[in-house]
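Colleague: Just the structure for this:
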Amino acid sequence: MNACAPAGPENAAAIAEIMGQSAPTGERQVAFVRCNGGVNAAKRYDYVGVQDCISATKVAGGPLECQFGCLGFGSCVAACQFGAMSIGPNGAAVVDKDKCTACMACIKACPRHLITLVPASEKKVHVACANLDKGKAAMSVCSQSCIGCGLCEKECKKDAIHVVNGVAVVDYDKCIGCKMCTKVCPRDAILPIATAEEKEKYKAVKKAQAEKAAAAKAAAASTAE
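Modeller: Predicted structure coming up:
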């Protein structure tokens, strides 16, 4: 029943009824591009060849310093038959969730394997980076790369995000959409990106908590004496 994703849940349920089977369950899935680099990614050279990602990779591995980044030439856009893919204003591919049918044509078209299926819910967070390099190496090729610092992992109270092979990965079964990880990410690599106001508010709360804990510790020490 799940073999034809473009049919959608209503048609899948109708097909299941005709076949005397149970309708498929589970949250709707959509494509997601694990890169938000685009113009934020450093270039090695200007590519002027065929405007296609696969063709671009044939020329010294592609024009980006980041070997994990979206090339932005639209192979996924050309592959999508539903108009759900486009190149965003920052030069990286983006998905229109309302139009996406999870047919996976874009996934097969991406030569860097950057596109995956994720829950369509707006409550979930997504890591927009696939760079497996750590720290300075990742930082030098893109201003929005995940550097594997682990702050998101430490902040998450639901054990829903972990650094795996140098890049943060979300466990969607555990993620409740609190978005605390977005507020501690120093690279804005987790979407939706927290606003400056949200980050400042978060810092103020953490500071107040630390001061309260310190005061309580001092009071306890004084009592013990």
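
Colleague: so how far is the top helix by length along the chain from its chain's centroid?
Modeller: Longest helix in the chain, counting residues (DSSP state H): helix 196-224. Taking Cα atoms, centre = their mean, to the nearest Å, one finds helix 196-224 lying 32 Å from the centre of the chain it belongs to.

Colleague: In it, which of the residues would be classed as buried?
Modeller: Within helix 196-224, the residues scored as buried using 16 or more other Cβ atoms under 10 Å are 199, 202. C-beta here means a position set from N, CA and C on the backbone, and glycine is covered the same way.

Colleague: what does stretch 146-156 give?
Modeller: 146, 147, 148, 149, 151, 152, 153, 155, 156.

Colleague: State the pair within those residues that is farthest apart.
Modeller: 147 and 156 (17.1 Å; Cβ to Cβ).

Colleague: Quick check: which ranges of this protein have low pLDDT?
Modeller: 1-25, 225 (pLDDT under 70).

Colleague: Where do the strands of it begin and end?
Modeller: 29-33, 85-87, 93-95, 115-119, 126-127, 161-164, 167-170, 190-191 (DSSP state E).

Colleague: So which of those is nearest residue 207?
Modeller: strand 190-191 (21.9 Å).

Colleague: roughly how far apart are the closest residue to residue 45 other than its chain neighbours and residue 70?
Modeller: Closest residue to residue 45 apart from its sequence neighbours, by Cβ to Cβ, 6 or more residues apart in numbering: residue 63 at 5.3 Å. Using Cβ to Cβ, to the nearest Å, we find residue 63 at a distance of 12 Å from residue 70.

Colleague: swap in residue 137?
Modeller: Residue 137 sits 18 Å away from residue 70, going by Cβ to Cβ.

Colleague: Pick out whichever of the two has more residues nearby.
Modeller: Higher neighbour count among residue 137 and residue 70: residue 70, with 30 against 15, using other Cβ atoms under 10 Å.
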